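Asks: okay, sequence plus prediction incoming.
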Amino acid sequence: VEPGAELVIKSTVRFSKDSKVIVKQGAILAVLGGTLTNSFGCKDEFWSGVEVWGDQNNPQASAQGRLVLGNATIKNARKGVINYNSNQPNTNGGRITATNSTFENNQKSLEIHQYDYSSPRRGVFYNCDFLLNDDYFSADAPDAMVSFSGVDRYLFRGCTFADNRTSPSALSKGIVSADAGYEILPFGSNNKPSSFTGFDVAIQANNTGNPFYTVDIEEAHFENNNKGIALESVDGARIVENSFVVGKPSGGWSIMDFGVALNTSSYFTVEGNTFTKAAAADPWTVGVFIQNSGGNSNEVYNNEFSDLFVGNWAKGQNNSLATNPLYNCWDGLKYTCNRNTNNQYDFMINAINPNEGVSKTQGSINLAAGNIFSAGPAVHFSIPAGSGCNYEYFYNAQALNEKPTNIVGNPGAFQATPVNFANPCASAKSFQKGNLTMKNLVSQYNKIQSLQKKIESLSSRESGQRATLIAELQQSMWQAGSEYKT
């Protein structure tokens, strides 16, 4: 499709092996009720897919190619849709909009490469299906259904991601991203949730190269996955009001399944989610796993955990002892208002070195922590022998199910203190401003302070790095201010 032209497809178009559709800069392709697939003569061979070309150095939306999908299907492609010219650099930036459309049995359905201009939204997907089933013909294992790198402001509302193959030779992944930001939200007046089913990892994100991109995953459903959400070096993530049926059968005892796994990630919101073990899951199921979140005031708040091996598992350095010994573990990860039922371990803390662990205070003398513990023989807290922190847990004296009684590992380092101030456990979403809760606004402020300290620590010889950090600081301050005003 040439620049300035518009092509509308409303029928089925079939493509031979390695052929492709090209949408050049300034052109529009609209597939409205049509299907793009492989030819009958190449029924067991992929066609290449759709390339939507852009201009990586041009912020104008009109300079980019555009693909519009409405009630469309793209299937049996090597890469269903990409936002660049696969044979030429600096062509990233093609725009993609899809509504009520299906991506089926592609080796990869959507691949988005770096484009630095974030406004307007670069891609929107409403009520779309990303599917694999037993008609997937290739001996080549499927790639992630969707991959992002170096982009922001992509939105999925009410989309279904499902690997429904009955005997896959290799498990697939739903969304995989590197240095990217996107949102997974419900769709329509009935709030249809997005869903992720049948994956090794449903959503996997790593933002080691750009700490200012983040992910927002709300009211989605995760089931029959080894890992629901796995984030590494992703700060500011929102994981709110999702449901996780944790685990899938692997036929062995060596697999550990997670609802949420956060590694070297901070300033997060994990709130209002439910985690329960799948009926046929492997025995080692974990609700929320957090490793090395640092000494920031992070919190796992108001979630439900049932029938799991471990409800909450913290490993490594999740307090301020290593970064600020004077605080003596005061800051760090806290667990508040979580409800546990029939878990083997409600809370497990692992620490190999003395400076590891979580915040030494859970709750306060003026407000109970508000967690409810599993009844029966469940372990309420597993405390590491090697931790350099002594923990004090404040519980509501009038609620017996809020008192931790079964402490293992190092019970001498754990003190349970009754208080007369019950925690109301109100939803923090009631304080939402724009895309930030009030808690996140405080976290944004802490992030700004951290950047300021980094800038101050740099010498004059590191002017390039200083300029980069100053630009990031200005962006973060502007974002916090504008969101709060909203």
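Replies: Yep, that arrived. Residues are numbered from 1 along each chain as shown.
Asks: and the helices in this structure?
Replies: Applying DSSP state H to the chain gives helices spanning 438-457, 463-485.
Asks: excluding chain neighbours, what is closest to Phe187?
Replies: Among residues not flanking Phe187 along the chain, Gly158 sits closest, at 2.5 Å (Cβ to Cβ, 6 or more residues apart in numbering). Heads up, the C-betas are built off the backbone N, CA and C, glycines and all.
Asks: backbone dihedrals for that neighbour, please?
Replies: Main-chain dihedrals, Gly158, degrees, to the nearest 10: phi 60, psi 40.
Asks: relative to Gly198, how far out is it?
Replies: Remark: distance between Gly158 and Gly198 (Cβ to Cβ, to the nearest Å) = 18 Å.
Asks: what does Phe187 give?
Replies: Between Phe187 and Gly198 the distance, using Cβ to Cβ, works out to 21 Å.
Asks: which stretches of this structure have low pLDDT?
Replies: 118-121, 251-254, 322-328, 428-486 (pLDDT under 70).
Asks: repeat that for 80
Replies: Along the chain, segments meeting pLDDT under 80 span 41-43, 116-122, 209-212, 250-255, 321-329, 354-355, 386-388, 428-486.
Asks: what's the end-to-end length of stretch 202-213?
Replies: Taking Cα to Cα, to the nearest Å, stretch 202-213 runs 19 Å from one end to the other.
Asks: run the chain-centre distance for that stretch.
Replies: In terms of Cα atoms, centre = their mean, to the nearest Å, the centre of stretch 202-213 is found 9 Å from the chain centre.
Asks: pull out the buried positions in it.
Replies: Across stretch 202-213, burial judged by 16 or more other Cβ atoms under 10 Å covers Ala202, Ile203, Gln204, Ala205, Asn206, Asn207, Asn210, Pro211, Tyr213.
Asks: quick check: chain neighbours aside, which residue is closest to the last one?
Replies: Which is Tyr213. Sequence neighbours aside, Gly181 is the residue nearest to Tyr213 in space, at 3.6 Å (criterion: Cβ to Cβ, 6+ apart).
Asks: which residues are in contact with the one you found?
Replies: Val151, Asp152, Arg153, Tyr154, Tyr213, Thr214, Val215 (Cβ atoms under 8 Å, 6 or more residues apart in numbering).
Asks: how much space separates Cys337 from Glu183?
Replies: Using Cβ to Cβ, Cys337 is found at 25 Å from Glu183.
Asks: which one of these two is surrounded by more residues?
Replies: In this view Cys337 and Glu183 are compared by other Cβ atoms under 10 Å, and Cys337 has more residues nearby, 24 against 18.
Asks: check contacts around that one.
Replies: Here Cys337 is in contact with Tyr301, Asn302, Ala369, Gly370, Asn371, Asn423, Cys425 (Cβ under 8 Å, 6+ apart).
Asks: what sits against the fifth one?
Replies: If you count contacts by Cβ under 8 Å, 6+ apart, Asn371 has them with Tyr335, Thr336, Cys337, Asn338, Arg339, Asn340, Asp346, Phe347, Gln362, Tyr395, Glu402, Pro404.
Asks: what's the neighbour count on the residue nearest to the last one when sequence neighbours are not counted?
Replies: Closest residue to Pro404 apart from its sequence neighbours, by Cβ to Cβ, 6+ apart: His380 at 4.0 Å. The burial metric for His380, expressed as a neighbour count using other Cβ under 10 Å, is 22.
Asks: ok, now the one 10 residues further on?
Replies: By the measure other Cβ under 10 Å, the count of residues near Asn390 is 15.
Asks: that one and Ala369: what is the separation?
Replies: From Asn390 to Ala369 the distance is 16 Å (Cβ to Cβ).
Asks: next: Asn106.
Replies: 47 Å.
Asks: those two: who's more crowded?
Replies: For the pair Asn106 and Ala369, the greater number of neighbours falls to Asn106 (27 against 23), based on other Cβ under 10 Å.
Asks: surely the more buried one touches Lys75?
Replies: Yes. In this structure Asn106 lies within contact range of Lys75 using Cβ atoms under 8 Å: 6.6 Å.
Asks: now, which of the contacts of Asn371 lie within strands?
Replies: Using DSSP state E, Tyr335, Thr336, Arg339, Asn340, Asp346, Phe347, Gln362, Tyr395 are the members of the contacts of Asn371 that sit in strands.
Asks: show me the contacts for the third one.
Replies: Contacts of Arg339 were listed using Cβ under 8 Å, 6+ apart, and they are Asn303, Glu304, Phe305, Asn371, Ile372.
Asks: what number of residues lie near the closest residue to Ser364 other than its chain neighbours?
Replies: Nearest non-adjacent residue to Ser364, counting by Cβ to Cβ, 6+ apart: Phe394, 5.8 Å away. Neighbour count for Phe394, taken as other Cβ under 10 Å: 23.
Asks: now swap in Ile349 and tell me
Replies: For Ile349, the neighbour count with other Cβ under 10 Å is 26.
Asks: is it in a bridge, and if so with what?
Replies: Ala314 (DSSP bridges).
Asks: one more: Thr97?
Replies: Beta bridges link Thr97 to Val68, Val124, judged by DSSP bridges.
Asks: pretty sure it contacts Val68?
Replies: Yes. Counting by Cβ under 8 Å, Thr97 touches Val68, with 5.2 Å between them.
Asks: my read: the residue nearest to Pro404 touches Met348, true?
Replies: No. At 10.3 Å, His380 and Met348 do not qualify as touching, with contact defined as Cβ under 8 Å.
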